[in-house]
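Trainee: Pasted the sequence and its predicted model underneath.
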Amino acid sequence: MLPTTELQVGTSAVNAEIASTEATRAYGLMHRKSLPENHGMLFVFDTTDVYCFWMKNTPLPLSIAFIDAKGEVVNTTEMQPLSEQPHCPAKPIRYALEMNKSWFASHGVAAGTRVSGLPRP
């Protein structure tokens, strides 16, 4: 069981599991069949860099927000289930937040949206 945190993503509250080790980041949401509403997984990195994601062994469609060290969304994208297509941020990030498909679009989250409550790496 991963630790969780409450985030404020723009005007929306999110309950996020924290993946902050190499092993938990590599496993991510693999093999999950569903996510509760307004729940996701926050990937926390030790250093700011360009980290790419894929959906290998992940059967549910997801959206991802790439977040810089200041807590600002860099960009978001939609990811297809079970795909090995890489999804990369537009610039170096410190965090990434995976949510159910279209969550960011339906909550008005785009580049520049502030995210608060982020744990320190």
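Mentor: Yep, it's here.
Trainee: Could you name the residue of this protein that is farthest from its center?
Mentor: Using CA atoms, centre = their mean, the residue of the chain lying farthest from its centre is M1. It sits 17.6 Å away.
Trainee: measure that residue to A90 for me?
Mentor: 33 Å (CB to CB, to the nearest Å). (Glycine included, C-beta is placed from N, CA and C.)
Trainee: Same question for T48.
Mentor: 13 Å.
Trainee: Now find how far off-centre the longest strand that the chain contains is within its chain.
Mentor: Ranked by residue count, the top strand of the chain under DSSP state E comes out as strand 39-49. Computed by CA atoms, centre = their mean, to the nearest Å, the chain-centroid distance of strand 39-49 equals 7 Å.
Trainee: quick one on the thing from earlier: T48 and A90 - which one has more neighbours?
Mentor: Between T48 and A90, T48 has the larger neighbour count (other CB atoms under 10 Å), namely 15 against 11.
Trainee: can you pull the contacts of that one?
Mentor: The contact partners of T48, taken as CB atoms under 8 Å, 6 or more residues apart in numbering, are D68, A69, P92, I93, R94.
Trainee: pLDDT score assigned to the closest residue to the third one other than its chain neighbours?
Mentor: Yep, that's P92 we're talking about. Using CB to CB, 6 or more residues apart in numbering and skipping residues adjacent in sequence, the residue nearest P92 is T48, 4.7 Å away. What the model reports for T48 is a pLDDT of 98.
Trainee: Tell me the spacing between T48 and P61.
Mentor: To P61, T48 is 28 Å away according to CB to CB.
Trainee: any idea which helix is longest in this protein?
Mentor: For the chain, the helix that runs over the most residues, judged by DSSP state H, is helix 22-27.
Trainee: most centrally placed residue in this protein?
Mentor: The residue lying closest to the centre of the chain (CA atoms, centre = their mean) is L97, at 1.4 Å.
Trainee: my read: that one touches Q8, true?
Mentor: No: counting by CB atoms under 8 Å, Q8 is not a contact partner of L97; they are 11.7 Å apart.
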